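S.K.: could you look at this predicted model? Sequence included:
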Amino acid sequence: MNHTHNDCGHSHNNNNNNTSTYLYIIGLILFILAFFIQPFENILFFLTVLTAGYHVIGSGFKSTYTNTIKHKKFTPNIHLLMGLAAMGAMIIGDFQEAALLIVIFAGAHFLEHYVEGKSKREITNLLNLNPHDARLILADGTTKKVHTHDLKIGDQLQVLMGDQVPTDGVIIEGSGAIDESSITGESIPVTKTVNDTVFGATLNENGTFIMSVTKDPEDTVISKIIQLVNDSQSNISQTATKIKKFEPIYVTTILILFPLFILFGNYVMNWGWNEALYRGMVFLTVTSPCALAASDVPATLSAISNLAKRGLLFKGGSYLSNLAEIDAVAFDKTGTLTKGKPEVTDVHFTSSNQESRYKQLIVSMERQSNHPLAMAIMRHFEDIESIPLEVNNIIGTGLVASYEGIEYTLGKPSAFTHQDNQLTSQYTQEGKTVVYFGTQSEVLAIIAMMDTPQPSAKNLIDYFNNQEIETLMITGDAKLTAQAVANKLNLKTINAEIHPEDKANIITTLKNKFNMVAMVGDGINDAPALSIADIGIAMGDGTDIAIDVADVALMKNDLNQLIYAHKTSLKLKKVVWQNILFSLGVVVFLVILNILGQMNLPLGVIFHEGSTIMVILNGLRLLKQTK
């Protein structure tokens, strides 16, 4: 995998790096020898410039030529300034200073490359997660180790304790405690058993199971994550893009100012030609904007790596930097702000005498239904044992069963002759679904259910409200249900009873009103809205659909992670501006010292390279946890 490296605007590959390193070492040896072989010192200093400066000077002239031809206009490379400074120093007879300039500059250059590469290595480590081997179960029941690329949908695999899960699939036998931190960022193992989905690159910490492959190798969640991580390194932020475009303009300006600086020094400051030329070389050196070029990319990649380790995946630096600029966030309701499945919120028995018996009857009747509301009731009364019942499901009424000569009904209120209008109205106004249990003559129990908000949803809405970011809900649910959830979350604006195709129109309207709009959804029916929003954020929970449609994927449905991402984005913005102002400030400071005669070539290079390394190290702070 190739990486574009932004240390002063050029790229690297391993072969060039090795050659450059060997030549630098040779140059360093020649530089030291020059102090001991006096008659040939200038020749040795000249050879030092050629060998130690092979890469930095060569890339300066080569890139300038290549880009000038490509863009059909003069497009100088930053290293061109340093190469010209070294050549100029030798022209005026300062071979030793030219060699010292190159030795310091090239040495610092390799250090910059190593330090900046740390943020990329943090990301690249994620790419090593993809498993290679699988234990394929053969027709005779034996297992054979095969490469994961050779797996096909339907293959059965054995996963032992301590094994990496080879690919995405479903457990068909056995169980395991799976560490899914590589996918979701969650470090606590998840217990998985028959019919549960498992993901490639996760780790089976306990137990043994057999799984059936459900996806081709290139379609697994980890494969999509790897592709996403690759994309994130080529999609740089707007700030980095502007700096990259500004770079040739800046260098051209410096090259124009260079002769003017020399003329100014000779005729206005009366330095004399030699001194003016020398200070001109210093001017070229200290104005090279390497620190400026490194202001954004290392910091952005560090932040992306920080977030990726926590299950927050950004498709590029531009989306992360834009997150700090959002003015409005639209949320889908079901599965985003809420848990996505109904829960029992209220149970009211009209008589406490037979309450335990009624619970038993309710559970026994619901056990024979697969309706989502039945599942909710079963979860609520999970400790209640059922009794044998013959249950009929009557359309328009609900479940009907006879017990000890009495016919009981469990269904919607309209199926009952007698109703508790007050309590039913109260629950309905709260956006809840109401179910009755009773006989034809009496309502014995009223059960209210709703899709309740995620525990993290209110934290997120409160956070955005405190940040003065507009929050609103877009949902296809009824207004009462949407309003009930909005009230619990302190979410002021709702758009209810909206068809999926109309969600995109609402996002378009918001974009006309606000500068930067984000959309948070479950990544399926919200796809059009997610794609139109400036930043589409999908609730992943380990699903590949989320990774496909959005700019950002929250690999587990924890909205607190979005708070973390926004704080990281704000910190990134702060760090980038610190770097830009610092790098430009250092240039101005060194130019002033040069005019005042308090700066020489070696000192200029040390300050110049020191500022670049400081900028990169400042960016690497984003690898640490955001507070």
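M.R.: Nice, I can see it.
S.K.: the helix ranked longest in the chain: what's the following helix or strand?
M.R.: Identified as the longest helix of the chain according to DSSP state H is helix 560-595. Remark: after helix 560-595, the chain's next helix or strand is helix 601-620, criterion DSSP states H and E.
S.K.: residues of that following helix that come out buried?
M.R.: For helix 601-620, burial by neighbour count (16 or more other Cβ atoms under 10 Å) applies to 601-605, 607-609, 611-616, 618-620. C-beta here means a position set from N, CA and C on the backbone, and glycine is covered the same way.
S.K.: let me see the contact set for Ile547.
M.R.: Listed by Cβ atoms under 8 Å, 6 or more residues apart in numbering, the contact set of Ile547 reads 221, 224-225, 228, 313, 538, 540, 553.
S.K.: just the ones of those in helices?
M.R.: Reading helices off the contacts of Ile547 with DSSP H, I get 221, 224-225, 228.
S.K.: so what pLDDT did the most far-flung residue of the chain relative to its centre get?
M.R.: With distances taken as Cα atoms, centre = their mean, the residue sitting farthest from the centre of the chain turns out to be Gly405, at 62.0 Å. Gly405 is assigned 89 on the pLDDT scale.
S.K.: before we move on, the earlier item: now tabulate the ones in helices among the contacts of Ile547 in a markdown table and tack on neighbour count and distance to Thr285.
M.R.: Shown next, in a markdown table, are these (neighbours: other Cβ atoms under 10 Å; distance: Cβ to Cβ, whole Å):
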| residue | neighbour count | distance to Thr285 |
| --- | --- | --- |
| Val221 | 27 | 50 |
| Lys224 | 19 | 46 |
| Ile225 | 26 | 43 |
| Leu228 | 21 | 40 |
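S.K.: before we move on, back to that, quick one: mean pLDDT for the longest helix of the chain?
M.R.: 95.
S.K.: buried ones in it?
M.R.: For helix 560-595, by 16+ other Cβ under 10 Å, it's 561-569, 571-573, 575-576, 578-580, 582-583, 586-587, 590-591, 593-595.
S.K.: ditto for stretch 459-478
M.R.: In stretch 459-478, counting by 16+ other Cβ under 10 Å, buried: 459-461, 463-464, 469-477.
S.K.: over to stretch 23-40?
M.R.: Applying 16+ other Cβ under 10 Å to stretch 23-40 flags 23-24, 26-28, 30-31, 34 as buried.
S.K.: run the chain-centre distance for it.
M.R.: 48 Å (Cα atoms, centre = their mean, to the nearest Å).
S.K.: average model confidence for it?
M.R.: So the average pLDDT for stretch 23-40 ends up being 91.
S.K.: where does pLDDT dip in this structure?
M.R.: Residue ranges of the chain with pLDDT under 70: 1-17, 112, 115-129, 185-187, 229-237, 240, 523-524, 541-546.
S.K.: immediately after the host helix or strand of Ser425, which helix or strand?
M.R.: In this structure, Ser425 sits in helix 421-429 according to DSSP H and E. On the C-terminal side of helix 421-429, the closest following helix or strand by DSSP H and E is strand 433-438.
S.K.: and that following strand, what does it pack onto?
M.R.: If you count contacts as 3 or more Cβ pairs under 8 Å, 6 or more residues apart in numbering; DSSP states H and E, strand 433-438 packs onto helix 355-366, helix 372-380, strand 406-411, helix 421-429, strand 443-450.
S.K.: touching the helix holding Ser425 from outside, list them.
M.R.: With Cβ under 8 Å, 6+ apart, helix 421-429 has contacts from 346, 348, 413, 434, 446, 448, 480.
S.K.: can you do 10 Å?
M.R.: The contact list for helix 421-429 (Cβ atoms under 10 Å, 6 or more residues apart in numbering) reads 345-346, 348, 350, 413, 419-420, 432-436, 443, 446-450, 478, 480-481, 483-484.
S.K.: in PyMOL, select just the buried ones from those residues.
M.R.: Those of those that count as buried under 16+ other Cβ under 10 Å are selected in PyMOL with:
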select buried, resi 345+350+413+419+420+432+433+434+435+436+443+446+447+448+449+450+481+483+484
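S.K.: before we move on, the earlier item: can you list the buried residues of stretch 459-478 in JSON lines and add secondary structure?
M.R.: Shown next, in JSON lines, are the buried residues of stretch 459-478 (DSSP: H, G, I helix; E, B strand; the rest coil):
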{"residue": "Asn459", "secondary structure": "helix"}
{"residue": "Leu460", "secondary structure": "helix"}
{"residue": "Ile461", "secondary structure": "helix"}
{"residue": "Tyr463", "secondary structure": "helix"}
{"residue": "Phe464", "secondary structure": "helix"}
{"residue": "Ile469", "secondary structure": "coil"}
{"residue": "Glu470", "secondary structure": "strand"}
{"residue": "Thr471", "secondary structure": "strand"}
{"residue": "Leu472", "secondary structure": "strand"}
{"residue": "Met473", "secondary structure": "strand"}
{"residue": "Ile474", "secondary structure": "strand"}
{"residue": "Thr475", "secondary structure": "coil"}
{"residue": "Gly476", "secondary structure": "coil"}
{"residue": "Asp477", "secondary structure": "coil"}
